[in-house]
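Chemist: Here is a sequence together with a model predicted from it:
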Amino acid sequence: MKRCQTCGYPIEGEAREIVADSASGARATMHRHLTAEDCAAAKRKRLAARS
């Protein structure tokens, strides 16, 4: 499962991949939602599921 590095919520669908610069390759690829609105929507969806 991909988790957004910015908001911490799971990503459903497309994600922006951020490849960390590491000569040894020890750092995993990070993911972010495509837009800030996608981050906000993920947060709203998660909070609504808790209610």
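Modeler: Right, received. Where do you want to start?
Chemist: Near the residue lying closest to residue 9 once chain neighbours are set aside, how many residues? Count them for me, please.
Modeler: Counting by CB to CB, 6 or more residues apart in numbering, residue 42 is the residue found nearest to residue 9 once chain neighbours are left out, at 4.0 Å. C-beta coordinates here come from the backbone N, C-alpha and C atoms, glycine included. Using other CB atoms under 10 Å, residue 42 is surrounded by 19 other residues.
Chemist: and if you look at the one 4 residues further on?
Modeler: Residue 46 sits with 13 neighbouring residues when counted by other CB under 10 Å.
Chemist: Show me what the strand or helix carrying it is in contact with.
Modeler: Using DSSP states H and E, residue 46 maps to helix 36-50. If you take CB atoms under 8 Å, 6 or more residues apart in numbering as the criterion, helix 36-50 is touched by 4, 6, 7, 9, 10, 11, 12, 32, 33.
Chemist: What distance do you get for the residue nearest to residue 9 to residue 22?
Modeler: 27 Å (CB to CB, to the nearest Å).
Chemist: Please apply the same query to residue 9.
Modeler: 25 Å.
Chemist: Below-threshold pLDDT in this structure: ranges please.
Modeler: 25, 51 (pLDDT under 70).
Chemist: Apply 50 and report the result again.
Modeler: Across the chain, nothing is flagged by pLDDT under 50.
Chemist: list the buried ones in the helix holding residue 46?
Modeler: 38, 39, 42 (16 or more other CB atoms under 10 Å).
Chemist: Neighbours of residue 31, how many?
Modeler: 18.
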